[in-house]
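**Q** Here you go, sequence then predicted model.
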Amino acid sequence: MVSARQMAEYTGFTESEVKALCKEYDMSFKEMQIWYDGYYFDRIGHIYSPNSIIEALDSREFGNYWSGTETYESLLTYIAMDFKGLRQLIVDMLGGLRCPVDVESFQNDITSFNSADDVITLLIHMGYLAYDYKTKEGFIPNEEVRSVFLRAIKNDGWDEVIKAVNASEALLRAALEMDEKAVEEMIQEVHMQNTSSLVCNNEISLSSVIALAYYSACKDYVLIRELPAPMAFVILFWFLNVLH
């Protein structure tokens, strides 16, 4: 899962295979992407979890098919480990961020953990996180896995994170209702709770606040952090400054 090389096409269903299956079973490929896409290898492109695809096709429903597997119990154990920075990394990834990870320190077993990087690397190997080989970053790949993480933290007492998720639902509703005052107040609260005073004006910190605050939007919308057009950067800086 970190560097599949010539084995890439055998780690899961390829995109062309999933498209063919969606056509055969008359199911939406776009919806299939939202729920199960996110893994990618240079040699073969996008890869999908075979178990999830088969379950979705068989039941004719898109949903989370990982929580019923044995590895779900392992996830609960690993994310509860008290390594410095681990919880914040998971919160950031729930907010749609990608996080740098050193996969070289991992000892390739499930008992020797020395850092948050080791735990994150194992979760990449298990498929709970995707890995960008070029940027050396880990991230939550799709809606199915995101819902697995949410269920896990609800069962593990992450009360503050659950409050943030619930607040995100309220923020999304306020944004769709064009209630600018409520949006301003709620984003300001997320900013104060999650950003150090030393970097409160930092562009990356501000954009991370937006991503975390609008976590719930990931379920129904594709969140684009940066657009290529020069004007898009002007708009982004203006938006962040107004919020601050």
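**A** Happy to help now that I have it.

**Q** can you give me the helices in the chain?
**A** 15-25, 29-36, 50-59, 70-79, 86-94, 116-126, 143-154, 159-176, 180-194, 203-213, 230-243 (DSSP state H).

**Q** What's the mean pLDDT across the fourth one?
**A** Across helix 70-79, pLDDT averages out at 73.

**Q** elements contacting that helix?
**A** helix 86-94, helix 116-126, helix 143-154 (3 or more Cβ pairs under 8 Å, 6 or more residues apart in numbering; DSSP states H and E). Quick note: C-beta positions are derived from backbone N, CA and C, even for glycine.

**Q** could the ones you listed go into a markdown table alongside mean pLDDT and mean neighbour count?
**A** Formatted as a markdown table, the helices and strands packed on helix 70-79 follow (pLDDT from 0 to 100; neighbours: other Cβ atoms under 10 Å):
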| stretch | mean pLDDT | mean neighbour count |
| --- | --- | --- |
| helix 86-94 | 81 | 20 |
| helix 116-126 | 88 | 22 |
| helix 143-154 | 82 | 20 |
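
**Q** For residue 73, find the nearest of the ones you listed.
**A** Proximity to residue 73 (Cβ to Cβ) singles out helix 143-154 among the helices and strands packed on helix 70-79, at 9.6 Å.

**Q** helices or strands up against that closest one?
**A** helix 29-36, helix 70-79, helix 86-94, helix 159-176.

**Q** for those, which one sits closest to residue 60?
**A** Short answer: helix 29-36, nearest of the helices and strands packed on helix 143-154 by Cβ to Cβ, at 11.5 Å.

**Q** and that closest one, which residues are buried?
**A** Of all the residues in helix 29-36, those buried under the rule 16 or more other Cβ atoms under 10 Å are 32-36.

**Q** now it: mean pLDDT?
**A** On average, helix 29-36 scores 90.

**Q** Give me the angle between it and helix 143-154.
**A** 30 degrees (axes from the mean of the first three to the mean of the last three Cα atoms, to 10 degrees).

**Q** May I have the phi/psi pair for the residue nearest the centre of the chain?
**A** Of all residues in the chain, the one closest to the mean position by Cα atoms, centre = their mean is residue 140, 2.9 Å from it. Main-chain torsions, residue 140, degrees, to the nearest 10: phi -80, psi 120.

**Q** correct me, but it touches residue 93?
**A** Yes. Between residue 140 and residue 93 there is a contact under Cβ atoms under 8 Å: 4.8 Å.

**Q** what touches both of these two?
**A** Residues touching both residue 140 and residue 93 (Cβ atoms under 8 Å, 6 or more residues apart in numbering): 129, 149.

**Q** Show me the contact partners of stretch 80-88.
**A** Under the contact criterion Cβ under 8 Å, 6+ apart, stretch 80-88 has outside partners 79, 113, 115-116, 118-120, 156, 158.

**Q** Can you lay out those residues as CSV showing distance to residue 44?
**A** Conversion of the contacts of stretch 80-88 to CSV gives the following (distance: Cβ to Cβ, whole Å):
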residue, distance to residue 44
79, 29
113, 31
115, 31
116, 30
118, 27
119, 27
120, 24
156, 35
158, 35
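
**Q** Quickly name whichever of those residues is closest to residue 170.
**A** Nearest to residue 170 out of the contacts of stretch 80-88 is residue 158 (Cβ to Cβ; 18.3 Å).

**Q** Who are the contact partners of residue 4?
**A** 11, 41, 43.

**Q** Most neighbours among those residues, please name it.
**A** Using other Cβ atoms under 10 Å as the neighbour criterion, residue 41 leads the contacts of residue 4 with 20 neighbours.

**Q** how much space between it and residue 48?
**A** Relative to residue 48, residue 41 is positioned 12 Å away (Cβ to Cβ, to the nearest Å).

**Q** Equivalent analysis for residue 19, please.
**A** Looking at residue 19 against residue 48, where the rule is Cβ to Cβ, the gap reads 10 Å.
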